[in-house]
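Undergrad: Just to be clear, the model below is a prediction. Sequence and coordinates:
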4 protein chains.
Amino acid sequence: MNYLTKTRVEAFSDGVFAIIVTLLVLEIKVPHIEQHESVAELGTALLGLLPKILSWIISFLIVCVIWVNHHRILAQVEHITHGLFWLNALLLLWCSFIPFPTALMGDYLGNPLASFVFGCILALMALTFSLIRWYALRNQQVLKKTVDLSHYRRATTRSVVFGPSLYLLGGALAFVHTWLSMAVFAFIPLYFIVYSAASSVQSADE
Amino acid sequence: MNYLTKTRVEAFSDGVFAIIVTLLVLEIKVPHIEQHESVAELGTALLGLLPKILSWIISFLIVCVIWVNHHRILAQVEHITHGLFWLNALLLLWCSFIPFPTALMGDYLGNPLASFVFGCILALMALTFSLIRWYALRNQQVLKKTVDLSHYRRATTRSVVFGPSLYLLGGALAFVHTWLSMAVFAFIPLYFIVYSAASSVQSADE
Amino acid sequence: MNYLTKTRVEAFSDGVFAIIVTLLVLEIKVPHIEQHESVAELGTALLGLLPKILSWIISFLIVCVIWVNHHRILAQVEHITHGLFWLNALLLLWCSFIPFPTALMGDYLGNPLASFVFGCILALMALTFSLIRWYALRNQQVLKKTVDLSHYRRATTRSVVFGPSLYLLGGALAFVHTWLSMAVFAFIPLYFIVYSAASSVQSADE
Amino acid sequence: MNYLTKTRVEAFSDGVFAIIVTLLVLEIKVPHIEQHESVAELGTALLGLLPKILSWIISFLIVCVIWVNHHRILAQVEHITHGLFWLNALLLLWCSFIPFPTALMGDYLGNPLASFVFGCILALMALTFSLIRWYALRNQQVLKKTVDLSHYRRATTRSVVFGPSLYLLGGALAFVHTWLSMAVFAFIPLYFIVYSAASSVQSADE
């Protein structure tokens, strides 16, 4: 009874991811206009929501990328130990916080601090993924026997170098220009989607 | 490890659908009245909520129709590839947005733009279903061996012709008259419910 | 492929029930007081929330009773047909609406219309349970072979007589006195809890 | 059919826990500032949210601890009886209430009553865990045959002594000093995390 049931940990995590992804839209409020039936006035009000819609789409895609990463890591795990559960809980903590910096960035698009907070939370989230991988390498009994350890070690190093640093870079660039920061935040999930699609064609060893 | 676990993708999607369907009601706020104990005043206030309740019911039924379609498509899928996952994520993106145009239509029932936005989002959602079907036809290894491909191809063509165009029609008709638009939006799920019940009696090959 | 996967229908329904039960508490807002550190003022403000807390507890218990009933009915079902799915969707429609009349009753405890609306929604929900049972009797292939049909028929009749009428009675009694209405609403889940516990001890045939 | 399906009870409970943990963050609202692009003003406003963020993190960790406890107890259960279901429902009732005292404590950090209410709700939650264990000891057919009853009995006694009393102590200490109270509330999950990690290394008998 030292191990936690993997299916229940997955169900709990999937529930959290599904709720985050759906709650994000609640920050986009219906605008108030004076002339209820004016198409022009409602159109202008809806256009004013574009920054919020943009930050919502970016967050949506990032949470989906997190889901894929989470799925990939748990697919290689044999047992969920207490250590692994609490690292997973730490990951869910950062994830469940995402609606806040998303709303912050949507409300204060011109303010570099908003994008910086967004980048920092995601960097902490990405760092927790690296911690989970590092924990698995130190406690190899949690990994499935089929996992290629040298491959896993390289992927872990790569995850530390790219994940947190890219999100921090995105956050920091907001002090140069907001749209530069947004471009990096949009690039990360898009790159991941293209890369993961390409790598799933090329190799069959992960 | 090239394939994503189908049960986790289903659990994630089911979670998103369940949350959308339940969040929809949050847009219907308890009205504020002056005389707390007046039945007449509360009754009038509740009647004023009818447009919101109507757009809530329509959205609720449409999300249920989406769930049935989603179930039907995944029941014929053998493997979830990365391409399929991201098309599914795109579908969930449009779906998780539904509470916003639903609230918009409820708040601005007389404004044709509100119904038009509602129709456009649902047309994009329906188009993504066609994309998923089209992807499966191009990557037939994702489909189960039992699937009748010529039947699947015809259903895919039909899904492009009917799905997005009906929702767009509903949205466009709002510029003629709001209730015409509402009638189309209500007709789509009702037709689907009757049609799917009928076809499930007639044939056993899908 | 005429049948919908029972586990996915259950997962979807469980998701909806879990969200309803958790959303109910969102209607209880933190009160605003003038002197932030005053225990007396905060205490008075919290006591003012008692009607909301009471209607929250009643709704919470009622949704749990619905869950048990839903579980019981699906446990006797072999196949989910399209007809059954849409009756289930109708049930979820009423259920997902529950947060609204709950908040209404909490805000307007002294107003009989609020309790009456609450009772009507629950009566419609209970009626849908009877419809599901009646549908199963008309389409006996959806029921498991082990189901005792004469027993099922009697339970169906009983569900029509007791379920909707008790909730309607509770709602109607609000026009006599609010607390009478509340007492009936509280009695229904409590009676069910005691009765189901007792019947599960006495008999083993359902 | 006297027993409720354990997987559905787990799915329902996991759904509730996942939603609670994710809803907690909704209480942290984006602050309103005058100069939209001022980093200094936004920074000050964000620092003002620290009490809310702190109470959010504490509640997040406590709900995760509840999840682990819930998992551990259900892992030793063979059958879910109606009695067990309703005790579980009572547990979920207290849990689903947690967002309210969390928001209360975040809004009124200096007010001892807020922390006291937080502590009381968690004490009632912890007491329900003891009730579930006590029920299982009285109805031993619900426990798996592999469970060591004398061990289970000791753990039950321990759960009554430590769980509710620690939370009550935390609540009561708020009348001495707010931060003393916060320290106890933060200590409980942290102690549990370290203890459960340590005990899972030392022994393999639970």
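TA: Arrived safely.

Undergrad: low-scoring stretches of chain A, by residue?
TA: Scanning chain A with the threshold set as pLDDT under 70 gives A:1-2, A:197-206.

Undergrad: What distance do you get for the residue of it at minimum distance from chain B to chain D?
TA: Relative to chain B, the nearest point of chain A is A:Ala18 (2.9 Å; Cβ to the nearest Cβ). No exception for glycine: its C-beta is placed from N, CA and C like everyone else's. Relative to chain D, A:Ala18 is positioned 8 Å away (Cβ to the nearest Cβ, to the nearest Å).

Undergrad: Now do the contacts for that residue.
TA: B:Phe12, B:Ser13, B:Asp14, B:Gly15, B:Val16, B:Ala18, B:Ile19, D:Ala18 (Cβ atoms under 8 Å, 6 or more residues apart in numbering or on different chains).

Undergrad: And the last one, which helix or strand is it part of?
TA: Read that as D:Ala18. Assigned by DSSP states H and E, D:Ala18 belongs to helix D:6-23.

Undergrad: Skip ahead from that helix and say which helix or strand is next.
TA: helix D:39-47.

Undergrad: Do the very next helix or strand once past that next one and chain A come into contact?
TA: Following helix D:39-47 in sequence order, the next helix or strand is helix D:50-75 (DSSP H and E). Yes: Helix D:50-75 reaches chain A (Cβ under 8 Å from any Cβ of the partner chain) through D:Ile57, D:Phe60, D:Leu61, D:Cys64, D:Trp67, D:Val68, D:His71, D:Arg72, D:Ala75.

Undergrad: burial of A:Val21, as a residue count?
TA: Look at A:Val21: counted by other Cβ atoms under 10 Å in any protein chain shown, it has 28 neighbours.

Undergrad: Tell me which residues touch it, please.
TA: Counting by Cβ under 8 Å, 6+ apart, A:Val21 has contacts A:Phe60, A:Val63, A:Cys64, B:Val16, B:Leu92, B:Ser96.

Undergrad: can you give me phi and psi for the fifth one?
TA: B:Leu92 has phi and psi values of phi -60, psi -30 when expressed as degrees, to the nearest 10.

Undergrad: Spit out the contact partners of the closest residue to it other than its chain neighbours.
TA: Using Cβ to Cβ, 6 or more residues apart in numbering or on different chains and skipping residues adjacent in sequence, the residue nearest B:Leu92 is B:Val16, 5.0 Å away. Applying Cβ under 8 Å, 6+ apart, one finds that B:Val16 lies in contact with A:Ala18, A:Val21, A:Thr22, B:Leu92, B:Cys95, B:Ser96.

Undergrad: ok, those residues vs chain D, which is closest?
TA: Nearest to chain D among the contacts of B:Val16, with distances taken as Cβ to the nearest Cβ, is A:Ala18, at 7.9 Å.

Undergrad: Against D:Ala18, how distant is the residue in chain A that chain D sits nearest to?
TA: Closest contact between chain A and chain D, by Cβ to the nearest Cβ, is at A:Gly15 (2.9 Å). A:Gly15 is 3 Å from D:Ala18, where distance means Cβ to Cβ, to the nearest Å.

Undergrad: likewise A:Leu90?
TA: The gap separating A:Leu90 from D:Ala18 is 16 Å, by Cβ to Cβ.

Undergrad: quick one, what contacts the closest residue to A:Leu190 other than its chain neighbours?
TA: With sequence-adjacent residues excluded and distances taken as Cβ to Cβ, 6+ apart, A:Leu190 is closest to A:Leu61, at 7.4 Å. Neighbour list for A:Leu61: A:Ala186, A:Pro189, A:Leu190, A:Ile193, B:Ala89 [criterion: Cβ under 8 Å, 6+ apart].

Undergrad: So which of those are in helices?
TA: Among the contacts of A:Leu61, DSSP state H puts A:Ala186, A:Pro189, A:Leu190, A:Ile193, B:Ala89 in helices.

Undergrad: and the nearest residue to the fourth one once chain neighbours are set aside, how many neighbours?
TA: If I follow you right, that is A:Ile193. Sequence neighbours aside, B:Trp86 is the residue nearest to A:Ile193 in space, at 5.5 Å (criterion: Cβ to Cβ, 6+ apart). Neighbours of B:Trp86 under the rule other Cβ under 10 Å: 21.

Undergrad: now the angle from the helix or strand where B:Trp86 lies to helix B:50-75?
TA: Applying DSSP H and E as the criterion places B:Trp86 in helix B:82-97. Here helix B:82-97 points in a direction 170 degrees away from that of helix B:50-75 (axes from the mean of the first three to the mean of the last three Cα atoms, to 10 degrees).

Undergrad: helices or strands next to helix B:82-97 in the packing?
TA: Packing partners of helix B:82-97 (3 or more Cβ pairs under 8 Å, 6 or more residues apart in numbering or on different chains; DSSP states H and E): helix A:6-23, helix A:50-75, helix A:178-202, helix B:6-23, helix B:50-75, helix B:112-138.

Undergrad: Against which helices or strands is the longest one packed?
TA: When contacts are defined as 3+ Cβ pairs under 8 Å, 6+ apart, helix B:112-138 sits against helix A:39-47, helix B:50-75, helix B:82-97, helix B:99-107, helix B:149-173, helix B:178-202.

Undergrad: Among these, which comes closest to C:Pro112?
TA: Ranking those by their distance to C:Pro112 (criterion: Cβ to Cβ) puts helix B:50-75 first, at 20.6 Å.

Undergrad: my guess is the residue nearest to A:Ile193 meets A:Phe192, correct?
TA: No: B:Trp86 sits out of contact with A:Phe192 when judged by Cβ atoms under 8 Å, with a separation of 9.9 Å.

Undergrad: Now do the buried residues in the helix holding D:Ala18.
TA: D:7-23 (16 or more other Cβ atoms under 10 Å in any protein chain shown).

Undergrad: And the helices and strands packed on helix B:82-97: which comes nearest D:Leu127?
TA: Using Cβ to Cβ, the helices and strands packed on helix B:82-97 put helix A:6-23 closest to D:Leu127, at 23.6 Å.

Undergrad: Report the angle between the closest one and helix A:82-97.
TA: 10 degrees.

Undergrad: tell me how far helix A:6-23 is from the chain's mean position?
TA: Centroid separation for helix A:6-23 versus its chain: 13 Å, with Cα atoms, centre = their mean, to the nearest Å.

Undergrad: send the alpha carbons of that helix over as PDB?
TA: Output in PDB follows, covering the C-alpha atoms of helix A:6-23 (Å, rounded to 0.1, in the frame of the first residue of the first chain):
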ATOM      1  CA  LYS A   6      -2.000   5.600 -10.900                       C
ATOM      2  CA  THR A   7      -5.500   5.800 -12.400                       C
ATOM      3  CA  ARG A   8      -6.900   7.900  -9.600                       C
ATOM      4  CA  VAL A   9      -3.900  10.300  -9.700                       C
ATOM      5  CA  GLU A  10      -4.400  10.600 -13.500                       C
ATOM      6  CA  ALA A  11      -8.200  11.100 -13.000                       C
ATOM      7  CA  PHE A  12      -7.500  13.800 -10.400                       C
ATOM      8  CA  SER A  13      -5.000  15.500 -12.600                       C
ATOM      9  CA  ASP A  14      -7.100  15.200 -15.800                       C
ATOM     10  CA  GLY A  15     -10.000  16.800 -13.800                       C
ATOM     11  CA  VAL A  16      -7.800  19.700 -12.800                       C
ATOM     12  CA  PHE A  17      -6.500  20.300 -16.300                       C
ATOM     13  CA  ALA A  18     -10.000  20.100 -17.800                       C
ATOM     14  CA  ILE A  19     -11.400  22.600 -15.300                       C
ATOM     15  CA  ILE A  20      -8.400  25.000 -15.800                       C
ATOM     16  CA  VAL A  21      -8.900  24.900 -19.600                       C
ATOM     17  CA  THR A  22     -12.600  25.600 -19.200                       C
ATOM     18  CA  LEU A  23     -12.400  28.200 -16.500                       C
END
